[in-house]
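Enquirer: Below are the sequence and a predicted model; questions follow.
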Amino acid sequence: GHPSPQLFNKVANHIVVHDNLNTYKPQELANILWAYAKVGHPSPQLFNKVANHIVVHDNLNTYKPQELANILWAYAKVGHPSPQL
């Protein structure tokens, strides 16, 4: 585990509950997912919410290649299947 599971749970819950992902820049989404994957803290609700947001908004052309790579790496690292991505 890691030393701050409560913090990661609280942040994930905050993001999941609030319907404001459209205010997040691609880099911010990539950084959040990267952090969860880096510490090995799977958060299925968070990963589902971000995947659905990306698919619904269909704006991958606004993402830089590094942001896409980091997002996909995070999904792979935590073992979160997301076929729609």
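Expert: Structure received.
Enquirer: Which helix or strand contains the most centrally placed residue in the chain?
Expert: Centroid-nearest residue in the chain, with Cα atoms, centre = their mean: Leu33, separated by 3.6 Å. Leu33 belongs to helix 26-39 when assigned by DSSP states H and E.
Enquirer: Which strands or helices does that helix pack on?
Expert: Counting contacts by 3 or more Cβ pairs under 8 Å, 6 or more residues apart in numbering; DSSP states H and E, helix 26-39 is packed against helix 5-17, helix 44-57, helix 65-78. (C-beta placed from N, C-alpha, C; glycine too.)
Enquirer: These: which one's closest to Gln27?
Expert: helix 65-78 (5.7 Å; Cβ to Cβ).
Enquirer: Count the residues that sit near the nearest residue to Tyr24 once chain neighbours are set aside.
Expert: In this structure, Tyr24 finds its nearest non-sequential neighbour in Ile32, 7.8 Å apart by Cβ to Cβ, 6 or more residues apart in numbering. Neighbour count for Ile32, taken as other Cβ atoms under 10 Å: 19.
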